[in-house]
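A.B. asks: Pasting a predicted model and its sequence here:
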Amino acid sequence: MKPYLLAIVFFALINSVNASEHSPVTRFGVAISNDKAQIAYSVTGGGKTALIFIHGWSLDSRLWHNQTQYFSKEYQMITIDLAGHGNSSYNRKDYTMVSFAHDIKAVIEKEGINSAILIGHSMGGGVIAEAAKLMPERVIGIIGIDTSQNVALNFTQEALDEMTKPFEENFQKAMRAFVKDAFPKNEEEDTLYWISEDMASAPKDIAINQFRHYLGQYVSGESYRVFENINVPTVLVNAKLWPTDSAENKKHIKNYHIYFIEETGHFPMLEKPNEFNQILLKAVKSVK
């Protein structure tokens, strides 16, 4: 081999080794939930504590792409597609928060995790509360992202039916309007378009089923009663687009703390990823 070709091969090998040292490797898996639903997930990094990231309504684990490299340096970072989302199966009859909690349990048990902090966005906040209730011996804390603004919100079945009606009549139009209202007016078009079209492409019947079960917690009161059985720290990282009633939350949540992220909408992990990562890391450290 000519000397200059040998040098090229040598430096290519060195660069590949350096890249592998600095870029965390992600592996993918599938766990089987208690109702036989197939739950797709990814694992990046390592550590004694696993951070398990749960997306919100009609989204998937891609929501957290700005967090993977940052958190996997110190923690085992796991992202999950809940049933009816992303690469997981779509054959569940009812998409309840408890059934989603079992999706998380299936991943935790398959990976042999004994110390987990659950991080859930929007609807995911209701999911991680149910998961903490389901697995008190494995979950050491839960962190909600722009969620649980008032866990005891007085919500009626009539109000839920009224909120659902636009999605039943014209799902894609209603979803795009919902997403537009969830972002500040100055948000970048690319981010707004991605989230809007991604959520609008969800299967209508499945999405509405999830929506009704999520907000149905506020009709039944399960939204606050679930915290009667949760003794681990509960932390919120919320935007100020929708006001948070911490005084009311403290009546129902035993170990409550909140961080605010300024000048973002409902998707701070996409709008201000660097600032969000720093605040979320503080929230994680406060749990530990």
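C.D. replies: Here it is on my side, so go on. Numbering: from 1, shown residues only.
A.B. asks: what about the chain, any weak spots by pLDDT?
C.D. replies: 1-22 (pLDDT under 70).
A.B. asks: Go again with 90.
C.D. replies: The chain contains residues with pLDDT under 90 at 1-24, 47, 184-188, 288.
A.B. asks: Now do the helices in it.
C.D. replies: 3-22, 68-71, 97-111, 123-134, 157-169, 171-182, 189-200, 204-220, 222-225, 246-252, 268-271, 273-287 (DSSP state H).
A.B. asks: Out of those helices, which gets nearest to residue 239?
C.D. replies: With Cβ to Cβ, the closest approach to residue 239 among those belongs to helix 268-271: 5.6 Å. To be clear about C-beta, it is placed using only N, CA and C from the backbone, and glycine gets the same treatment.
A.B. asks: who does that closest one touch, helix- and strand-wise?
C.D. replies: Where contact means 3 or more Cβ pairs under 8 Å, 6 or more residues apart in numbering; DSSP states H and E, helix 268-271 is packed against helix 189-200, helix 273-287.
A.B. asks: how far away is residue 282 from residue 232?
C.D. replies: Counting by Cβ to Cβ, to the nearest Å, the gap from residue 282 to residue 232 is 17 Å.
A.B. asks: Same check on residue 105?
C.D. replies: For residue 105 relative to residue 232 (Cβ to Cβ), the value is 16 Å.
A.B. asks: between these two, which one's more packed in?
C.D. replies: residue 105 (20 against 16; other Cβ atoms under 10 Å).
A.B. asks: Contact partners for that one?
C.D. replies: When contacts are counted by Cβ atoms under 8 Å, 6 or more residues apart in numbering, residue 105 touches 33, 34, 131, 134, 135.
A.B. asks: and with 7 Å instead?
C.D. replies: Contacts for residue 105 (Cβ atoms under 7 Å, 6 or more residues apart in numbering) come out as 131, 134, 135.
A.B. asks: would JSON lines of the helices of the chain with distance to residue 80 be doable?
C.D. replies: Output for the helices of the chain, formatted as JSON lines (distance: least, Cβ to Cβ, whole Å):
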{"stretch": "helix 3-22", "distance to residue 80": "25"}
{"stretch": "helix 68-71", "distance to residue 80": "13"}
{"stretch": "helix 97-111", "distance to residue 80": "6"}
{"stretch": "helix 123-134", "distance to residue 80": "9"}
{"stretch": "helix 157-169", "distance to residue 80": "24"}
{"stretch": "helix 171-182", "distance to residue 80": "22"}
{"stretch": "helix 189-200", "distance to residue 80": "17"}
{"stretch": "helix 204-220", "distance to residue 80": "15"}
{"stretch": "helix 222-225", "distance to residue 80": "21"}
{"stretch": "helix 246-252", "distance to residue 80": "25"}
{"stretch": "helix 268-271", "distance to residue 80": "15"}
{"stretch": "helix 273-287", "distance to residue 80": "17"}
